[in-house]
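A.B. asks: only the shape, not the letters, is given here:
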């Protein structure tokens, strides 16, 4: 498979992953828990874990030393606030956590659009619409699962409105601009939280469409990591699977996935271990906002140059 097709499959329009998830979920509902766990293990937590070898890298050491507030003090503050909030105001904290998740995903979607688009007018259009569409899906998820205002009776009509609104939006886009790689990344950014309209659990809202976000991140961090470490031959299966990059995300994903399961034990002290992967995710949201900030010269020279 050429790099062009790989980028389409994993970055530009990775729609195949939520479709596979959806197909398994509704074809084999008896394996729902196994599907969720495997998706968390293989995609979600590996994607969160990829932040750490991407951050703790020889190319970043001096940069981090000069930015202790951004990379040490603020992460410690996020850790403490998350820990305290989880135990004192858990429901509010989880709502904030979900909102942070949506915002983080939107920012990545827009950032990837910018990699493939150089038209400033088109870029502004993409950013505004990605925010609007995902905000609508966030509100729908809130009304369905948090306040339970949207019932099954009116969900059908809501889906019809949303579906045709998206069709009109995409036709308008193509009429205003043109079909390109950037259009594919825009569609991906708009569809990630679409499952909020039809799945029966907030867990599936977060996981199903966001599989596209996970694959995008894993592909791009993998590309940058091995470009920075050119002495590692990523085309060698043995070298890749014994690399520090792979072993770090493997251990991280395994530990965090196991701890995520503990959240299901409502009557056990084990349920409190759920805070560990949640804090890992909150740190991921914040650290990515710094590591992928291309207004910083360091990030342009050590990350962006490997993507363009």
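C.D. replies: Received it, and whenever you're ready, just let me know what you need. Owing to the predicted nature of the structure, the values given are computational and were not obtained by experimental measurement.

A.B. asks: number of residues surrounding residue 34?
C.D. replies: 11 (other Cβ atoms under 10 Å). To be clear about C-beta, it is placed using only N, CA and C from the backbone, and glycine gets the same treatment.

A.B. asks: what's the first helix or strand after the helix or strand hosting it?
C.D. replies: Residue 34 is part of helix 32-39 when elements are defined by DSSP states H and E. As assigned by DSSP H and E, the chain's next helix or strand after helix 32-39 is helix 45-49.

A.B. asks: return the helix or strand in the protein with minimum mean pLDDT.
C.D. replies: Sorted by mean pLDDT, DSSP states H and E, the helices and strands of the chain end with helix 237-241, the least confident at a mean of 68.

A.B. asks: so for the helix or strand that comes right after that one, mean pLDDT?
C.D. replies: Moving toward the C-terminus from helix 237-241, the next helix or strand (DSSP H and E) is helix 244-261. Mean pLDDT, computed over helix 244-261, is 92.

A.B. asks: stretch 170-182 now?
C.D. replies: Along stretch 170-182, the predicted local confidence has a mean pLDDT of 94.

A.B. asks: which residues touch the residue sitting nearest the centre point of the chain?
C.D. replies: The chain has residue 213 as the residue nearest its centroid, 4.1 Å off, counting by Cα atoms, centre = their mean. For residue 213, the contacting residues are 47, 105, 108, 109, 192, taking Cβ atoms under 8 Å, 6 or more residues apart in numbering as the criterion.

A.B. asks: most neighbours of all those residues, which one?
C.D. replies: Scoring those on neighbours with other Cβ under 10 Å, the highest-scoring entry is residue 192 at 27 neighbours.

A.B. asks: ok, it - contacts?
C.D. replies: Taking Cβ under 8 Å, 6+ apart, we find residue 192 in contact with 105, 109, 134, 209, 210, 212, 213.

A.B. asks: if we use 10 Å, what do you get?
C.D. replies: Residues counted as contacts of residue 192 (Cβ atoms under 10 Å, 6 or more residues apart in numbering) are 18, 102, 105-106, 108-109, 130, 133-134, 137, 205, 208-213, 216.

A.B. asks: next: residue 218.
C.D. replies: 10, 11, 42, 43, 46, 47, 49, 50, 249.

A.B. asks: for the protein, what's the longest helix?
C.D. replies: Assignment by DSSP state H gives helix 90-116 as the longest helix of the chain.

A.B. asks: may I see the buried residues of it?
C.D. replies: For helix 90-116, burial by neighbour count (16 or more other Cβ atoms under 10 Å) applies to 93-94, 97-98, 101-113, 115-116.

A.B. asks: where in the protein is pLDDT low?
C.D. replies: Judged against pLDDT under 70, the low-scoring parts of the chain cover residues 1-2, 231-238, 241, 264-268.

A.B. asks: so residue 276 sits right up against residue 255, yeah?
C.D. replies: Yes - the criterion here is Cβ atoms under 10 Å, and residue 276 meets it with residue 255 at 8.3 Å.

A.B. asks: contacts for stretch 27-45, please.
C.D. replies: Stretch 27-45 is contacted by residues 17, 20-21, 24-26, 46, 48, 200-201, 203-204, 206-208, 210-215, 217-218, 249-250, 252-261, 264, 277, 280-281 when judged by Cβ under 10 Å, 6+ apart.

A.B. asks: any of those buried? List them.
C.D. replies: When the contacts of stretch 27-45 are checked for burial by 16+ other Cβ under 10 Å, the buried set is 17, 21, 24-25, 46, 48, 204, 206-208, 210-215, 217-218, 249, 252-253, 256-261, 277, 280-281.

A.B. asks: mind listing what residue 189 touches?
C.D. replies: For residue 189, the contact set (Cβ under 10 Å, 6+ apart) comprises 105-113, 126-127, 129-131, 133-134, 212-213, 216.

A.B. asks: helix or strand for it, which one?
C.D. replies: Secondary structure from DSSP H and E places residue 189 in helix 181-191.
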